[in-house]
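> how would this look folded up:
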Amino acid sequence: MITETAKAFPLIFRGYEPNEVDAYIGSLIAKQQVLLDEIDSLRARFKESSDEAAGLRIEVAVLTDEVAALTEASSSPQAMQRRMAKMLQRAVDEISEMQAEARAEAEALIAAAESGAEDAQREHDERLADMATERKTLEAEYGEAKKKLEAELARMRAETRSAIDEAWRDAERERDLLLADARREADHCREQARRVVDEASQQRIKILEQLMRVYRDLEAVPATLDAAYQERGKAPEPGVVVPLDQKIKRNPDSVTGLA
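Numbers count the residues shown, from 1 in each chain. From the prediction side, this is the model:
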């Protein structure tokens with residue numbers, strides 16, 4: 001009888017390695033076929049033994065006929081008959097014993113072969129049942145792992161979205177701060193420019209006011225100088241400054257040409 005040890009299959013992500021399982025199942029089927037062939041061979045041998053026993057029976061019958069013929073020809077028929085009867089009985093006993101041994105051996109071999117085939121079939125069925133159970137377990141583990149992975153991916157997506165939103169809010173706050181700083185800087189620059197313009201305008205006004213005061217102070221000078229000239233009775237000497245209004249009175253065309 002052929003015995004088969006338990007086969008361990010390498011695990012992959014979703015069960016056993018298919019090639020390993022197929023190869024092992026193929027080997028079990030081949031061994032089962034070998035056992036079936038052995039059973040057929042034993043049955044053939046048993047049939048041959050039965051045929052051989054039948055042949056021996058024929059030989060016994062032939063010997064019986066020969067004994068009968070010899071008995072008829074013997075001078076002491078009773079003694080010869082007894083001897084031949086003993087010989088025939090021994091031959092029959094030997095044939096029966098051989099037939100019984102052959103039958104017992106054939107039955108033992110057939111029983112062993114059938115038991116081996118049943119063991120192989122039972123082991124095959126048990127292995128398939130174990131594989132089905134293991135497959136269900138792995139499928140359950142795969143489903144649980146898939147759920148955990150999907151939950152982890154959802155959590156990572158939510159965290160990523162939250163981080164993106166927070167970064168966007170930070171960027172907006174930074175932008176608002178920069179814009180506020182730029183506005184303050186622009187307002188400061190405008191204020192400084194306004195102050196400079198105001199200071200320049202104020203300085204211009206002060207200068208104009210000073211010029212106006214000087215001009216008012218000089219308004220009496222031409223009249224006084226003209227009176228002095230009249231008292232002396234002569235025109236101004238060369239190199240003497242003549243007031244502008246007096247020049248205009250004396251030569252208005254020159255002022256027009258300057259204009």
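> please enumerate the helices of this protein.
Ranges of helices in the chain, per DSSP state H, are 18-73, 77-232, 244-250, 252-258.
> average pLDDT for the longest one, rounded please.
In this model, helix 77-232 has an average pLDDT of 82.
> what comes into contact with stretch 40-55?
Residues from elsewhere that reach stretch 40-55 (C-beta atoms under 8 Å, 6 or more residues apart in numbering): 95, 98-99, 102-103, 106-107, 109-110, 113. Using the backbone N, CA and C atoms, a C-beta is placed for each residue, glycine as well.
> most packed of the helices of the chain?
Burial of the helices of the chain is given as mean neighbour count (mean count of other C-beta atoms under 10 Å); helix 18-73 ranks first at a mean of 14.
> so for it, mean pLDDT?
Regarding helix 18-73, the rounded mean pLDDT is 70.
> need the contact list for Ser96.
Contacts for Ser96 (C-beta under 8 Å, 6+ apart) come out as none.
> so how far is Arg103 from it?
10 Å (C-beta to C-beta, to the nearest Å).
> Ala163 now?
According to C-beta to C-beta, Ala163 and Arg103 sit 87 Å apart.
> likewise Glu97?
Distance from Glu97 to Arg103, by C-beta to C-beta: 11 Å.
> got it, and Asp130?
Asp130 sits 39 Å away from Arg103, going by C-beta to C-beta.
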